[in-house]
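1. Have a look; sequence and predicted model below, questions after that.
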Amino acid sequence: MKDKFVKRAGVAAFCLWVIWAVHPLLAKRMIIPWKPETVGQWGDSFGALNALFSALAFIAVLFTLKQQRDDVSRQLAQQREDLARQQRQITANETDQHLQRFERTFYELLRLLREARNDVEFRYSHSYIGDPRERSSSSTNRVEGTESFKRANMELRHWIGALDQARIEINSEVLAELYLKHIHSRYESTFAPYYRLLYTLLLRIEEDTILTQAQKYRYGNVVRSQLTSHEVALCCYNGLAAISGRFKGLIVEFRLAKYLPDEFGRKRLMLHYPASTFEGRD
């Protein structure tokens with residue numbers, strides 16, 4: 001539309017110039033007196049009209065400049081939008097690639113965690129005086145895997161019960177000391193690799209800068225689903241010990257004890273962990 005306007009204005013200006021160039025001939029053919037001094041005076045009478053046309057010409061120049069500026073602004077805005085769209089596309093691709101790498105690492109660590117669990121060993125201590133039904137010949141053998149967590153938890157609960165019967169106050173430090181003395185120190189070589197892998201797995205989820213909070217919780221739920229109740233209980237006891245570092249905070253963050261039954265230590269551990277550790281998310 002702007003090009004048509006410019007062309008029309010140019011044609012009109014050319015026509016006016018032609019009329020001005022041939023107007024003496026036209027005047028003679030129309031038998032109109034043509035004297036330069038008279039014509040000059042008559043032309044001076046159009047001074048106001050000339051000023052008007054000059055003003056209109058100036059306005060036209062300003063309008064043209066404004067149109068050019070608007071065109072440039074639109075082009076720059078379009079370029080910015082294109083760059084932003086490209087950046088969003090690049091960011092989305094990078095996010096997808098990161099999630100793929102994270103998932104590969106996550107499931108590899110989960111596989112290693114299951115292998116480490118199968119390598120965990122435990123045997124009841126000679127000083128353990130538990131339920132006579134648990135004192136059969138087979139119960140004194142060394143066991144591996146999930147059974148080792150079960151027996152370790154049962155023996156630890158025995159020693160906790162012994163302090164309760166003696167009316168000794170059991171705070172977090174005492175509970176951690178019982179765990180270290182009767183469980184961890186005896187089979188540290190097999191328990192420690194398992195806890196380190198679980199710690200690393202949860203820490204990688206928490207510290208990832210790309211995952212959303214909802215995604216982190218989902219991965220945490222996957223980890224929690226792989227743990228037996230006896231594993232969760234022993235993880236919570238381990239988290240009270242100073243050697244565990246930030247393990248307690250990760251247990252709370254990912255609510256590992258959400259489904260821990262009362263008979264496996266839930267009520268006891270609720271005295272030493274925030275209530276949110278045992279609750280679901282809204």
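-> Right, received. Where do you want to start?
2. separation between residue 107 and residue 96?
-> Applying Cβ to Cβ, to the nearest Å, one obtains 17 Å for the distance of residue 107 from residue 96. From N, CA and C alone the C-beta is placed, and that goes for glycine too.
3. Alpha carbons only: can I get stretch 209-216 in PDB?
-> The C-alpha coordinates for stretch 209-216 follow below in PDB (Å, rounded to 0.1, in the frame of the first residue of the first chain):
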ATOM      1  CA  THR A 209      19.100 -28.600  38.300                       C
ATOM      2  CA  ILE A 210      16.900 -29.600  35.400                       C
ATOM      3  CA  LEU A 211      14.300 -31.900  36.900                       C
ATOM      4  CA  THR A 212      11.200 -30.300  38.200                       C
ATOM      5  CA  GLN A 213      10.200 -30.900  41.800                       C
ATOM      6  CA  ALA A 214       7.400 -33.200  40.700                       C
ATOM      7  CA  GLN A 215       9.800 -35.300  38.600                       C
ATOM      8  CA  LYS A 216      12.200 -35.500  41.600                       C
END
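4. And the contacts of stretch 101-120?
-> By Cβ atoms under 8 Å, 6 or more residues apart in numbering, the residues outside stretch 101-120 that reach it are 144-146, 148-149, 187, 190-191, 193-194, 197-198, 200-201, 204-205, 208, 210-211, 219, 222-223, 226, 231.
5. Quick one: end-to-end distance for stretch 163-171.
-> Across its full length, stretch 163-171 reaches 11 Å between end residues, using Cα to Cα, to the nearest Å.
6. picking that back up, can I have the buried ones of the contacts of stretch 101-120 as a ChimeraX selection?
-> Here is the ChimeraX selection string for the buried members of the contacts of stretch 101-120, based on 16 or more other Cβ atoms under 10 Å:
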select :148,149,187,190,191,193,194,197,198,201,205,208,211,219,223,231
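7. Can you pick out the ones from the contacts of stretch 101-120 that are in strands?
-> Secondary structure of the contacts of stretch 101-120 is defined by DSSP state E; positions in strands are residue 144.
8. For the chain, give me the ranges with low pLDDT.
-> Where the chain drops to pLDDT under 70, the residues are 1-53, 55-56, 82, 84, 86-91, 129-140, 282.
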